[in-house]
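K.L.:
Predicted model and sequence below, questions to follow.
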Amino acid sequence: MAKSINQVILMGRLTRDPEMRTTTTGKSIASFSLAVDRQSQDDQADFFDITAWEKLGELANQYLSKGRRCLVQGRLRQDSWDDKETGKKRTRIEVVATDITFLDGPSDGQQGGGGNAPRSSAPSKKSNDVVIDDIDDKPIDLSEIPF
């Protein structure tokens, strides 16, 4: 019998800042929503609810904000419950993140200027960088290469 697979990979932008909560057992959980543009159609996107638990959720809460790009790997999870107001059965599918890759740097792709990523005060160039000003178009003599 074949093994079941429940894996999803999404890349998009956060539609809202992550919301951090703590369960009654003390585990932390971050929730946010991701907009993933549709490749075939302009100005349309699919929206996914994402949850990240414990350390991954804390990192998402610390470094992600609305408008930031990220790649989320995880699994689909379906919740079902009875709506107290209507009495109808409700369902919801969310992505439980197992890994998040932050794609924007501290100032890349920021919309609205609000970012939680740490800022570095170090200069962007290292002092031991070599800068070559002139490069000629002469052919390379392979006998001059030391290896």
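P.N.:
On my side now, so go ahead. Numbering: from 1, shown residues only.

K.L.:
shaky segments in this protein?
P.N.:
Applying pLDDT under 70 to the chain picks out residues 1, 41, 106-137, 140, 147.

K.L.:
let's see it at 80
P.N.:
Residue ranges of the chain with pLDDT under 80: 1-2, 40-43, 105-147.

K.L.:
Which parts of it are strands?
P.N.:
8-14, 19-22, 28-37, 45-53, 69-82, 89-102 (DSSP state E).

K.L.:
possible to save the ones you listed as CSV with mean neighbour count and distance to Asn61?
P.N.:
All C-beta atoms are positioned from the backbone trio N, CA, C, and that covers glycine. Conversion of those to CSV gives the following (neighbours: other CB atoms under 10 Å; distance: least, CB to CB, whole Å):
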stretch, mean neighbour count, distance to Asn61
strand 8-14, 17, 11
strand 19-22, 13, 5
strand 28-37, 19, 5
strand 45-53, 17, 8
strand 69-82, 14, 12
strand 89-102, 14, 11
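
K.L.:
need these in a markdown table with distance to Ser143, can you?
P.N.:
Shown next, in a markdown table, are the strands of the chain (distance: least, CB to CB, whole Å):
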| stretch | distance to Ser143 |
| --- | --- |
| strand 8-14 | 48 |
| strand 19-22 | 63 |
| strand 28-37 | 52 |
| strand 45-53 | 56 |
| strand 69-82 | 46 |
| strand 89-102 | 45 |
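
K.L.:
Mind checking those for the one nearest to Ala2?
P.N.:
With CB to CB as the criterion, Ala2 lies closest to strand 69-82 of the strands of the chain, at 17.2 Å.

K.L.:
Counting by contacts, list what that closest one packs against.
P.N.:
Contact here means 3 or more CB pairs under 8 Å, 6 or more residues apart in numbering; DSSP states H and E; on that basis strand 69-82 packs against strand 8-14, strand 89-102.

K.L.:
Give the pairing partners of the last one; include direction for each.
P.N.:
It stands for strand 89-102. strand 45-53 (parallel), strand 69-82 (antiparallel) (DSSP bridges).
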